[in-house]
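Let's see this in three dimensions:
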Amino acid sequence: MPDASTYRATGYNEIYEAQNRIVCFNTTQGTGEVVKTYPSGDLLTYPAVLDENRLALNTSVCSKERQESSVSIYAPEDNSLIPVVTKQLYRPDESILWSDFRSSAPPEPIVVEPAYYHPLTGVGMDEDISRLRPVAVMINDLKAAQPQLGVSQADIIYEMPAEGGITRMVALFQSLDGVGNLGSIRSTRAYYLELALGHDALLVHAGGSPEAYKDIPAWGVDNMDGVNGGSDAKIFWRDAERRRTKGYEHSLLTSGEKIQAYLDQGHFRTEHKDGYAESLRFRDDGTPQGGTAAGKVSMRFSQYKTAVFDYDAASGKYLVSQFGEAYIDGNTGKQVGVTNVLALKTRIRLISGDTAGRMTADLTSGGEGMYFCGGQGIPIRWEKASRDDPFVYRTEDGQLLELGRGVSYVCIYDANSGSITVE
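This next block holds a predicted model:
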């Protein structure tokens with residue numbers, strides 16, 4: 001595009017450059033021209049006439065090409081150019097009143113809504129995956145089993161106590177596309193089944209308690225078992241390096257690819273049952289209104305395990321730590337970060353007569369909780385109508401809670417033995 005000096009030499013004493021246009025004026029004569037350049041390098045020149053508040057532009061060429069007028073309106077008071085696109089087709093040499101535009105508010109930016117939204121994270125997507133059944137994977141959380149693999153790709157992470165003060169995690173994946181190795185995989189309990197059923201999810205586990213094995217067929221839990229499975233056991237393997245360095249019980253892995261390949265063989269229903277609807281609600285900024293500062297949240301499950309969430313303003317996420325160290329995904333070597341942290345208080349107690357110290361948890365009576373997002377926290381209420389229903393989260397005044405778009409980490413703890421500290 002020619003520079004301003006080209007036009008100054010031809011007698012124009014006021015020259016303005018903006019984006020792909022140069023507007024030149026001879027203020028004595030009240031004449032000028034607009035030069036527009038296209039990406040192809042072609043130039044379009046049309047006359048411009050200026051008086052006190054009028055700018056006349058010949059836009060006939062633009063009209064033929066675009067079936068709309070696309071012009072720059074010169075604002076004399078601040079020497080600026082404002083692009084204006086209008087469906088009205090101005091005739092050549094027709095005057096355009098600057099006051100007509102000056103009194104109007106600036107055009108609102110065009111917001112393109114995503115075609116679809118992710119049902120578990122609320123993130124915009126190009127394809128609809130809401131009908132797919134998610135996959136719930138039982139993850140070992142013993143200190144000796146770290147690092148876990150694949151947890152940073154989960155859409156929701158549930159953590160709650162097992163026996164002896166340890167915790168286990170249920171990592172929920174709406175889609176397995178691009179999900180690498182997962183593990184190490186451990187056994188399930190009856191209340192973890194309820195977490196999977198609440199999402200109409202397919203469960204991946206390695207063994208289970210006697211109660212869980214009784215409930216799996218009774219409750220209709222579709223599952224892939226790495227210990228007592230049949231053909232499904234082929235999706236699991238023992239990792240030689242983990243077996244050597246961490247022990248046999250911490251070495252069982254699977255992968256998103258192997259799970260998906262097994263599902264593609266038609267062993268289970270892979271779309272949601274009729275009538276299922278995900279309960280989660282989202283908004284662009286989930287920071288709770290009227291909340292209290294929550295830069296650091298410590299969730300004490302037991303004497304053995306405390307999860308820590310430190311808010312990182314730069315990323316807008318809570319960075320997770322446990323056992324005094326960053327919570328690392330072994331696949332990526334990076335610390336796990338989440339947008340939403342929920343802490344749900346309930347009753348978790350020993351099963352009477354269970355010599356292994358196994359627990360039972362009440363997940364259907366509802367109760368109190370806390371929600372954290374954007375460095376702020378508020379009290380909430382949670383409910384789960386039945387073992388087959390999803391969690392529903394509400395603010396204290398009964399409104400549905402709107403989460404921030406992103407990954408959620410849900411801590412479920414006993415009201416007597418657990419506690420939460422907010423700093």
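
Pull up the gap between residue 170 and residue 375, please.
Residue 170 sits 26 Å away from residue 375 when distances are taken as C-beta to C-beta, to the nearest Å. (C-beta placed from N, C-alpha, C; glycine too.)

quick one, which of the two is more surrounded?
residue 170 (27 against 18; other C-beta atoms under 10 Å).

The more buried one: what secondary structure?
Under the three-state scheme (DSSP: H, G, I helix; E, B strand; the rest coil), residue 170 adopts strand.

so how far is stretch 193-210 off the chain centroid?
Mean-position distance between stretch 193-210 and its chain equals 24 Å (C-alpha atoms, centre = their mean, to the nearest Å).

Quick check: mean pLDDT of it?
Across stretch 193-210, the average pLDDT comes to 98.

go on, stretch 142-156?
On average, stretch 142-156 scores 98.

what do you get for stretch 230-250?
97.

So what touches that stretch?
140, 142, 144-145, 183-186, 204, 206, 223-227, 251-255, 258-259, 261-262, 267 (C-beta atoms under 8 Å, 6 or more residues apart in numbering).

ok, the residue lying closest to residue 120 once chain neighbours are set aside - contacts?
For residue 120, ignoring the flanking residues on the chain, the nearest one in space by C-beta to C-beta, 6 or more residues apart in numbering is residue 155 at 3.9 Å. By C-beta under 8 Å, 6+ apart, the residues touching residue 155 are 118, 120-121, 134, 172-174, 407-408.

go on, residue 149?
If you count contacts by C-beta under 8 Å, 6+ apart, then residue 149 has 180-184, 253, 329-331 around it.

That one bridge partners, please.
Note on residue 149: beta-bridge partners by DSSP bridges are residue 183.

Of the contacts of residue 155 - the most surrounded one?
Neighbour counts for these, by other C-beta under 10 Å, peak at residue 408, which reaches 26 neighbours.

Let me know whether that one touches residue 344 as I believe.
No. Counting by C-beta atoms under 8 Å, residue 344 is not a contact partner of residue 408; they are 11.6 Å apart.

ok, and what's touching whichever strand or helix holds residue 410?
According to DSSP states H and E, residue 410 maps onto strand 408-414. The contact list for strand 408-414, computed with C-beta under 8 Å, 6+ apart, reads 120-121, 155-161, 299-301, 307, 309, 318, 320, 338-349, 361, 363, 391, 419-420.

Equivalent analysis for stretch 288-304, please.
With C-beta under 8 Å, 6+ apart, stretch 288-304 has contacts from 159-161, 164-167, 306-311, 318, 341, 343, 370-378, 395, 411, 413, 417-423.

Show me which of those are buried.
159-161, 166-167, 306-311, 318, 341, 343, 370-378, 395, 411, 413, 418, 420, 422 (16 or more other C-beta atoms under 10 Å).

how about the nearest residue to residue 175 once chain neighbours are set aside, what does it touch?
Leaving aside its sequence neighbours, residue 175 sits nearest to residue 129 (C-beta to C-beta, 6+ apart; 5.4 Å). Counting by C-beta under 8 Å, 6+ apart, residue 129 makes contact with 116, 118-119, 174-175.

again with residue 171
136-137, 139, 150-151, 154, 156-158, 182.
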